[in-house]
Each structure stands twice: as structure tokens, then as C-alpha cells.
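[1] attaching a predicted model along with its sequence, questions to come.
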Amino acid sequence: MGKKLFRYSEENKDKFLESDNITFNDGSVVTPEEIWDYLTVEGPVKYPGTYEINLSQGNRDSRDETLSTSLKTHYLSLTFSARMEKAKESGKTIAFIQGGQAVDPYTAADTIALRPFLVGQWYHGREHGNDIYKSVLRRKQSKESAFHDMSFEACQTGGYEHVQVGDLPIDVIAPYTVLRCSDVSYGVEAHRHGPNKDVKLINVDYPMRHQADKPWAIEYFAQNLRKLVKTLDEVRGKTTTEYDLLRAIKLHNEGRRLGNELADLWWSTDIPPTNSDDRNSLVALANLDMHGDVQASLSVLKEAKNIIAERVKNGVKGHAVTDNPKRLFILGSCVGINESRSEDAGAIVVGKDDQWSHCTSIVEEEGDPYYNLAKATLEYPYEQSIEKRAQWTIEQIKKSRADGVIFIHNWGCNTQAAISRPIVDFIKRETGIPTYIHERDLHGLRDEQEQNRVNAFIEML
Amino acid sequence: MSIKTLEIVRKRLEERPEELREARKKGQKVVGWTGYNVPEEIIHALGFIPVRIAVGGDDRLVEVGARYASSKTCVFIREIVGAFAENEDPYIQQTDFLAFDATCLQNYRAAEVIEYFFKKDVVVLAVPRNFAEDDAKTYFVHEANEFTRLLEERAGIALDPARLAESVALYNDIRKTLKSIYTFQAAKDNVISWEEVYDLIQAGELLDKHEYLSLLHQTLAELKERHHNPVIESDDGDSRIFISGSLIPRGDRKLISIINSVGGRIVGDDLWSGILPHLDLDIKEISPAGVALGYLNRTPHAALPYLNLESDRRLKKLHELLSQSKAQGVIYHTLRYCDPFTFKAKETKNVLAKSGIPLLEIHTEYAGSDYEAMKTRVEAFVEMIRIKSESVQEEAA
Ligand code: SF4
Ligand code: SF4
């Protein structure tokens, strides 16, 4: 039996062509016409898997084709690998970072900062013509090699499989070793052996436990940020000034503010203006790192905010959203539930803590930019003590008017798993909202069993 | 072999919980501590009774702990959390408050979970990942001062430098004596086994420190009397094993007993529940900062990443201890979900292979179900070492 494939319908083309261009870091521009061509001609050939309608991968048989920014984020994802190759050819520095951190210092040092998911996206995007099955197999194979070299209990392998085994030209492994992740610093260390062991390594040391109130901790992290920038400068052979950092902070503050405004707009109405996937892909733009090009992310984010404002004003309901869906807030690390299938079961995802907490920390623009950035970073709600983090989460739950909370974590994610119960316990105690903790299977695909449990929770709500 | 003082140590351990109860009745406070970089001398100098929270080997408690932390937390921490949940451990019962560090993130999470669910007062010492760098040391000094301030608050007194100097001298003497005792276990015709020394080291985590030191001196005197010239070299047919990797706390003797049961002789370790934390601790200045830096500058714990393989002090120390103990092979013990050690297993194996030292990784938990499988692997490894060493001896003859 042939695979069912999704195609953008010509019906929406004219409207889409009226939407905004995407402007990139290097000043180049891509027009809606070019985007449309790519999505309808080149994209399906290169990446047939992403056009496959396969419920276990979360693809619907239809998408919100009237949401122009959704097409643009799809375009940016599909062109990601080619754009990274091009950036490398033109001499750009590329760094491996951790999820859940801001990228202001990397932007200041004219460096593309890629978190684990994006490093994987680059690597896997190099191979064309794969269907879902082949893509998944390829991902599993490369992960296996990292497990073999490190630990089968690893969740985060620090991009080892791509940089060491896979020969991806990352210049520097330079994540914040934020508390969220148990594995990242061991992953960084693992790069000291392997075929590309000369890749530059730096741990941007994020201290823990009530640190945001301690001047010496802020100073220490600021010093780490200075070292990070110096390392990036060594790689690229140029100097980053404090003014460059301030400019980067201002740029990223703009992204963060827009992201917050967009989220507030989305939450302001009872009628969800987009479905969960679209919400997620738009809010994720706030950190400006999502597509390896801060300006491109910013331009799509600006357009998205205006569209959401318009939809909210006109009471437009997002594509495939059921009436009065149960509103879910998702907690945990680096993983989420299958959003479209959960929507089919009568729910909608209204927010997540992961990839969001750091977007809520706006950096002060007056004074020493390193100190300011360090302070804002140490204030990430996700990295605080159980009570503080849970309090912040409750605020988000209230703002988003969630009906239920799911804490989901990856197999092998020790540090998030370890506090899933206390966090959820606190939230339940304070709000009375039903909660559910789920562990994603070992290196798992989103399987039926997981969905059954999520569906049962939705049903219970 | 029977060193008489060891009998006394065992007896004193049996009496210790009751003694702590009595001491608390008289107003003394017991601090339960865990973490590689917790500067125990500061706790001691403030008049607290330090006891180390390190229990293992009980699969049932691991299950209990998983209900509060998670099934993906390392086995050791799960058992600790389980032990707090049940509150039946005689030492845990006696703790007035806790002092944890964040060397290993899982240890830090344990502090949070215990604080949250069991309403324990926990003082946490943060530990920098970039521990070898100057600014990290400056940061750690601030943290050590803060840690001391929080302890002073609980003690109701300020830290007296003279008392700190006394505690440092006491602990230095303990470390020095332990090192001397340790040499005897690895010697030819040894009169004390590694296992006995290991138990003796762990007894020090619980006993009164002054008494412990005098017991150590007594042990050393006995050893010197029984063994005049301890020379570290192989006995005929020895299979000299070195244990590395995740800690093996009191209560967990599975791997050790397996090694013994298949005829392996353990002659050294770099476990943080063994000799390692007692080595190379050089306190240059009598102050919280001086003590804390002494701790931080020791051989680093595997949870602290070291980005240069060539100069990795942990591996250097391992080589040094292997050569001192004349060990012929390493059994690298990794506990389930202990990332700091499992991530390094293969790398350590490759590094040691360059020096011709074989390494066997044993990945395990506290359940007994893998006992036979472990035994088969350890037996084959011990046998392999024996054959190798016999053939070396034959060649030399
Ligand atoms: S799921 Fe957990 S261990 Fe894995 S990358 Fe995320 S934070 Fe790290
Ligand atoms: S070092 Fe290993 S055994 Fe020790 S607390 Fe950390 S994860 Fe657990």
C-alpha cells in the first residue's frame, strides 16, 4: 500500500504570496513565492518523510495552510541542513549548546548556536529522499554509536554521534551546563576522545542552588560568559566587544518580548487561535535560535504575532482544534506529547515549561552586559528550587488556564525525572489540578501505549 | 588474619547508634552529610557530630526511594531517599540536619527531594563544574563561607579558628594513618585484607573521630608488630584486582564478595567510599576557604567534567594507584543510572588498555538477580588475569 502524502493546496497559494518575506542574518531575503516553490516542489523530493501522513509521528492529514508563518517555519526546518552547510562554507562559526538556554553571547560573537535537536536536524538533513521509516532508522543508528561509546543509559550524548562519529563540522562544543540536564557535561567531556577530539570544548558553568541571589555566583557565571565569548573569538579569529553583546541582548530581548506577547495573546482567549503544534512552533521562535538564524526567526515571529493578534480579535479558531478542548500544560524535559493525536482525543497543549522558562527572563540593558546576562540566566525559573520552579509553573498554568498537567521526561533523564514527583505534588496541592507523570520509552518512538495513557488522562479531565 | 582492634571497631559500631542517641539527649547535634566535597572538618569544628549518609545494597529501599525520586535516579540515591522515607536507619534517625553537596547532580537532587518530602533541613554546598579554574575556586571559596555561615547559624556559635585547626590536625592524622594501614593490605604475605581495611575506612564515617584515630593507631601498631616489612608485590598465584567506579557504600558487598568467592584478591581502589577521598588532601590555610580548597584540589570526582584527557587527574591517579598496588586488572563498578561513572567506562578501558591493564565493567544494581551473571563474568576475568600473571612469571623464570 502506498504511503499517504500531504501536499499544500493551491487554494491557499495566492493568500500566502501576499505574506511577508523572511530576512536572514546575511541580509538575504526569501520571498513567499520562493518558499511556496520549495514547499511544493523541492521539499517533497528531498524530505518526503516530513510530508508523510503518519499518526505515530504526529503528522495530520491536513495542516493550517492559512497560517502563513506555519509554512515558513516548515520551510526553515526543511532548508536547515543546506543553510548550515552554506554558513560553514562562508566561514561561520557553529557551536553546540544545550536546550533551554538563551544564545545572546553566541549571537554577539557571530556564532550559530545549535542545541542537540538542531545538530541532529543538520546531520540528518544531509541525506535526501528518506521516508519516515528510514529517517527514524538513521537517527537510531547514529544514537546507538554514541551509546556504545558512552553509556546505554545516556539520554543526552552532547552531539557525540554527529561531531565525532558523524563528522559534522561543529567548531566548538560550548553549552551552559544548566541544572536541567544530567548528561550534558558528561557529553561534553566525551568529546575529548574520538576521531575529532580536537574540537574545542568549554563548559559554561551554571552554578546551582539559590544562586540568583548571590553576587559571587552572578560574577562567576559572568566570568564564564566572558570565557565563552573569548573561546568563540579564538575560533573565529575576531574580537567581540561589550557593545556587540549589548546589541545581541537587545536583539534577543526583542525576541523574548515578542514571544511573551504572542503567548499572552494566545492565552487571552477561550478560542485557541492555533492548534498545539502551530502554537509550539511559533512560541519556540522567541529564543531566536530555533532555525540557526536569529534574523529569520525574528522576522517570522513578528509576522506571527500580528497574525495571532488578528485571529484573537476575530475569534478565529485554530485548524483542527475541537470545541472546548481540555487544556494541557506540559512539564519536563526535551520531549513533549504527540500533540495532534492528543487534540484528536479532545485536548490542546496550551504551554510547556521547557523551551519557555528562559524566554521569560528579560535581560537588563543598562550596565555591564555580562553581569546582566549572568543574572538573568541564573534567574531561569526552570533551574530554581522545587518550590520556586513549581510556583512559577503555577503562574503559567493559571495564565494559560490549563485543566491538567503532564510531566513527561525522557528515559535516562535523571535530573528532571528525580524532581518530577515533588514538582507535580506541589502543583497539585496548590491548585488541585489533575496531574500525570509519564516517562518516554527507552530511545522510544511515540508509541501507542504512551498515547493510550495520555488519552486516558484527557478522558479523565 | 584477625587483627584484634578490628573486633573492637566492630563492637563500637554496634554501640554507636545508642551513643548518638545519648549525645543528642545532652544537646549535641548530629549532622548527616554526603557529597565528595563536603568539608567535614568544618562540621566537626563547630561541635557537631558528623555521620556520613551512605547506605547501599537494599533493593527494597531502592524501590521505596523510586516512589519519591524516580526509577531513573541512580540506585545509591534511590536507596538513600528510600531510607529517609522509612526512617529506620539508626544513623538517619539520629540526624538533626543534613549537609549535602552538588558534586554529583543526583546527590543534589536527593537533597531537594528529601527536603521536600521529608521536611529535613538540608544545607547544600554548591560545587563548580569547572573546578580546576581560578575563578571557579574563588566561587567555591564564597560557597564554602556561605556553607559555614549556614552551619554556624545552626550551631548558634561562630567557627573558632583554633577549633578548626584542631579538627584539621585530627583529620590529617586520620588520613595519614589510614594511608599507612592501606599499604599493609596490598603487601605480600598480608596480615590484613583490603576488605578489612575498607570496612575500617567506612567505620570512620560513623565513629567519634578522636576514638577512631586511636583505634587506627592501635591497628597500625598491631600491623607493624605482625608484619615488619610490608612489601607490595604479588604472592604466587595472585589475581590482583583493583576496584574503580561508582561508590560501594556500607550494606553493599555484592561485588566484593563475588570477587572473593572466585579467588580474586582486591589490592586497591579509587572509590570515594574507599581510600580515594583520604588521599592528597592538603589544607594550606586554617579557614573554611582553606579546607574547602583542600577538598576541591584532590583527585576530582567523576561527576566533575575534565575536558582534557591527557592531563585528567582522575586517570593519572588511577595509574599511580595501580602501579603502587601492583594490580593486574581493574573491575570497574558502575551502578545503574550512575552517569558520572558509566559515561567514562569505555574511555577508561581504552586508556588503561594502552598500559596493558585489562578492565572489566560490571554494571549492576542492588537486586540479587544478576548475582550469577556477575559471578560468571568476574570469574572469567580473574582467571584471565591469573593465567596472564602465571605466564609472565614463567617467562621471567
Ligand atoms: S531529556 Fe534530560 S538528560 Fe535528556 S537532554 Fe533533556 S535534560 Fe538532558
Ligand atoms: S556518583 Fe553515581 S552513585 Fe554517586 S550519587 Fe552520583 S550518580 Fe549516584
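    Alright, I've got the coordinates. Ligands and ions are numbered 1, 2, ... in the order given.
[2] my guess is A:Lys72 contacts A:Asn21. True?
    No - applying Cβ atoms under 8 Å, one finds A:Lys72 not in contact with A:Asn21, separated by 9.6 Å. The C-beta positions use only the backbone N, C-alpha and C, and glycine is treated the same way.
[3] neighbour count for the two, which is higher?
    Counted by other Cβ atoms under 10 Å in any protein chain shown, A:Lys72 and A:Asn21 do not tie: A:Lys72 has more neighbours, with 28 against 16.
[4] can you give me phi and psi for A:Ser361?
    As for A:Ser361, its main-chain torsions (degrees, to the nearest 10) stand at phi -90, psi 100.
[5] residue 139: which element?
    This is for chain A. helix A:132-149 (DSSP states H and E).
[6] was after chain B, sorry
    helix B:134-155.
[7] and the residue of the stretch 251-400 of chain A nearest ligand 2?
    Closest residue of the stretch 251-400 of chain A to ligand 2, Cβ to the nearest ligand atom: A:Ser333 (17.3 Å).
[8] repeat for chain A
    Closest point on chain A to ligand 2, by Cβ to the nearest ligand atom, is A:Asn414, at 7.3 Å.
[9] wait, that residue sits on B:Gln106?
    Yes - assessed by Cβ under 8 Å, A:Asn414 is found in contact with B:Gln106 at 5.8 Å.
[10] hey, what's in contact with both of these two?
    A:Ser182, B:Thr73, B:Cys74, B:Tyr337, B:Asp339 (Cβ atoms under 8 Å, 6 or more residues apart in numbering or on different chains).
[11] pull the most distant pair out of these.
    B:Thr73 and B:Asp339 (10.7 Å; Cβ to Cβ).
[12] list residues touching both of those two?
    A:Asn414, B:Gln106.
[13] now do residue 335, the pLDDT please.
    No chain was given, so I picked chain A. At A:Val335, the model reports a pLDDT of 86.
[14] sorry, I should have been clearer: chain B.
    pLDDT recorded at B:Leu335 is 97.
[15] contact partners for the residue lying closest to it once chain neighbours are set aside?
    Using Cβ to Cβ, 6 or more residues apart in numbering or on different chains and skipping the chain neighbours, the partner closest in space to B:Leu335 is B:Ser246 (4.1 Å). Counting by Cβ under 8 Å, 6+ apart, B:Ser246 makes contact with B:Cys74, B:Phe76, B:Leu271, B:His333, B:Thr334, B:Leu335, B:Cys338, B:Pro340, B:Phe341.
[16] narrow the residues you listed to those in helices?
    Applying DSSP state H to the contacts of B:Ser246, the entries found in helices are B:Phe76, B:Pro340, B:Phe341.
[17] hmm, back to that, name the member of the shared contacts of A:Asn414 and B:Gln106 with the most neighbours.
    That'd be B:Cys74 among the shared contacts of A:Asn414 and B:Gln106, by other Cβ under 10 Å, with 31 neighbours.
[18] part of a helix, is A:Ala309?
    Yes - with DSSP: H, G, I helix; E, B strand; the rest coil as the criterion, A:Ala309 is part of a helix.
[19] low-scoring stretches of chain A, by residue?
    A:1-2, A:56-61, A:178-179, A:442-446 (pLDDT under 70).
[20] can I see the domain layout of it?
    By the assignment in automatic domain parsing, chain A contains the domains A:89-236, A:322-461.
[21] rewinding a little: now do the helix holding A:Arg139: everything it contacts.
    A:49, A:52, A:54, A:57, A:120, A:123-124, A:127, A:130, A:154, A:157, A:160-162, A:164-166, A:190, A:193-194, A:443, A:445, B:346.
[22] name the residues of that helix that are buried.
    A:Ile132, A:Ser135, A:Val136, A:Arg139, A:Ser142, A:Lys143, A:Ser145, A:Ala146, A:Phe147, A:Asp149 (16 or more other Cβ atoms under 10 Å in any protein chain shown).
[23] state the pair within the residues you listed that is farthest apart.
    Farthest apart among these by Cβ to Cβ are A:Ile132 and A:Asp149. That separation is 26.7 Å.
[24] residues in contact with the residue of the stretch 251-400 of chain A found nearest chain B?
    The nearest approach of the stretch 251-400 of chain A to chain B comes at A:Ile386, 5.2 Å away (Cβ to the nearest Cβ). Shown in contact with A:Ile386 (Cβ under 8 Å, 6+ apart): A:Ile419, A:Pro422, A:Ile423, A:Phe426, B:Glu112, B:Glu115, B:Tyr116.
[25] do A:Gln156 as well
    A:Pro116, A:Cys181, A:Ser182, A:Asp183, A:Val184, A:Gly187, A:Cys334, A:Cys413 are the contacts of A:Gln156 under Cβ under 8 Å, 6+ apart.
[26] select only the buried ones of the residues you listed in ChimeraX?
    Buried members of the contacts of A:Gln156, defined by 16+ other Cβ under 10 Å, are picked up in ChimeraX with:
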select /A:116,181,182,183,184,187,334,413
